[in-house]
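Asks: Please work out how this folds:
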Amino acid sequence: MDMIIDFPEGSRVDAHFRGHTIATDQPPVNSAPMPFEVFLASIGTCAGIYVLGFCKQRNLPTEGIRIVQRNHAAANGMVEKIDLEIQVPPAFPAQYYDALVRSAELCKVKKTLENPPSFEVTTVKVEMA
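Replies: This next block holds a predicted model:
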């Protein structure tokens, strides 16, 4: 899948793909999340997709379920640990707790971070129309 990244104004940098636009920004304006925040949010939301799917497949209620993501930074500011805590309401069946964790661990974003891709960055000149 190709994504087009452009610079609409100020410190904004947007990603366009499959008909969607993910807007990002940097301080001091901060009119949108910063790119690194979007990256971090992709971990929790991806895990959430798997938890949601698990519950829907078993007709389990999802009301009151949430994931709290805690990002722990090292002294250099880089994230060194991420905790995902799946919070469920008291009535949620305890027999599914471990299965919820296993579902969240299927997250494609998490798996990609565990086996990172290689990167190649190049510059090419294109003619403007």
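Asks: Tell me where the chain has helices.
Replies: According to DSSP state H, the chain carries its helices in the segments 35-57, 97-104, 108-114.
Asks: hey, what's the residue lying closest to G44 once chain neighbours are set aside bridged with?
Replies: Counting by C-beta to C-beta, 6 or more residues apart in numbering, G44 lies nearest to Q69, which is 3.9 Å off, once chain neighbours are set aside. Every residue, glycine included, has its C-beta placed from N, CA and C. When bridges are taken as DSSP bridges, the partners of Q69 come out as L84.
Asks: can you tell me how far Q69 sits from A47?
Replies: Relative to A47, Q69 is positioned 8 Å away (C-beta to C-beta, to the nearest Å).
Asks: Please identify which of those two sits among more neighbours.
Replies: Legend: neighbour count by other C-beta atoms under 10 Å for Q69 and A47, higher for A47 (25 against 15).
Asks: Now for the residue most central in space within the chain: which residues touch it?
Replies: Within the chain, one residue has its C-alpha closest to the average C-alpha position: by C-alpha atoms, centre = their mean, that is S42, at 0.4 Å. S42 sits next to V109 when contact means C-beta atoms under 8 Å, 6 or more residues apart in numbering.
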